[in-house]
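[1] Got a predicted model here, sequence first, then my questions.
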Amino acid sequence: MMNAAAPRRFVALAGLPGAGLPHDRLARLAAREAFVGLKRDFLLAVDRLDDPRSAWLRTQVRGAETPEDLLLLRGPVFESLAGSDEPRRSERHALRRSLDSMFPDSAPRTGFMSF
């Protein structure tokens with residue numbers, strides 16, 4: 001009678017956190033690099049703020065561990081970046097571009113679309 005259990009080598013490798021095919025590791029590395037870039041953009045945006053909530057925002061952004069944590073902080077960050085001066089406008093634009101690269105559907109729905 002044939003044993004239906006998985007081969008020992010497969011079972012041993014399946015439980016390791018670093019195991020996987022090379023493309024799996026590359027995908028995890030690319031996702032991590034994208035998160036680090038997004039977090040860096042958030043940090044640049046909140047480091048220049050001087051409103052009363054800026055210290056809280058900096059702490060929250062530094063403590064973010066996943067892209068979803070940063071996505072949840074986008075409202076308070078954009079609210080703090082409100083204003084018509086050029087530095088804040090450019091920060092909002094850079095942050096929106098960075099968010100769109102990781103979360104393409106994160107922008108509010110409008111009647112307009114790009115071609």
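    That came in fine, so what should we check first?

[2] rest of the way, CA atoms for contacts and neighbours
    Fine.

[3] any idea how far the nearest residue to Ala82 once chain neighbours are set aside lies from Leu72?
    Spatially, and ignoring its direct neighbours in sequence, Ala82 is nearest to Arg88 (6.9 Å; Cα to Cα, 6 or more residues apart in numbering). Using Cα to Cα, to the nearest Å, we find Arg88 at a distance of 20 Å from Leu72.

[4] So for those two, which residue has more residues nearby?
    Each of Arg88 and Leu72 has its neighbours counted (other Cα atoms under 10 Å); Arg88 has more, 18 against 11.

[5] Just give me how far the helix or strand hosting the more buried one sits from the chain centre.
    Taking DSSP states H and E as the criterion, Arg88 maps to helix 86-102. Distance, stretch centre to chain centre, for helix 86-102: 13 Å (Cα atoms, centre = their mean, to the nearest Å).

[6] That helix: which residues count as buried?
    88, 91-92, 94-96, 98-99, 102 (16 or more other Cα atoms under 10 Å).

[7] now those in TSV, with pLDDT?
    Shown next, in TSV, are these (pLDDT from 0 to 100):
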residue	pLDDT
Arg88	83
Glu91	87
Arg92	88
Ala94	88
Leu95	91
Arg96	91
Ser98	89
Leu99	89
Met102	83
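
[8] quick revisit: outside of the helix holding Arg88, which residues touch it?
    With contact meaning Cα atoms under 8 Å, 6 or more residues apart in numbering, helix 86-102 is reached by 34, 37-38, 41-42, 45, 71, 78, 81-83, 106-107.

[9] Dump those into CSV; add pLDDT as well.
    Formatted as CSV, the contacts of helix 86-102 follow (pLDDT from 0 to 100):
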residue, pLDDT
Ala34, 91
Gly37, 93
Leu38, 94
Asp41, 93
Phe42, 93
Ala45, 89
Leu71, 91
Phe78, 90
Leu81, 88
Ala82, 86
Gly83, 81
Ser106, 60
Ala107, 58
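
[10] check contacts around Arg62.
    39, 43.
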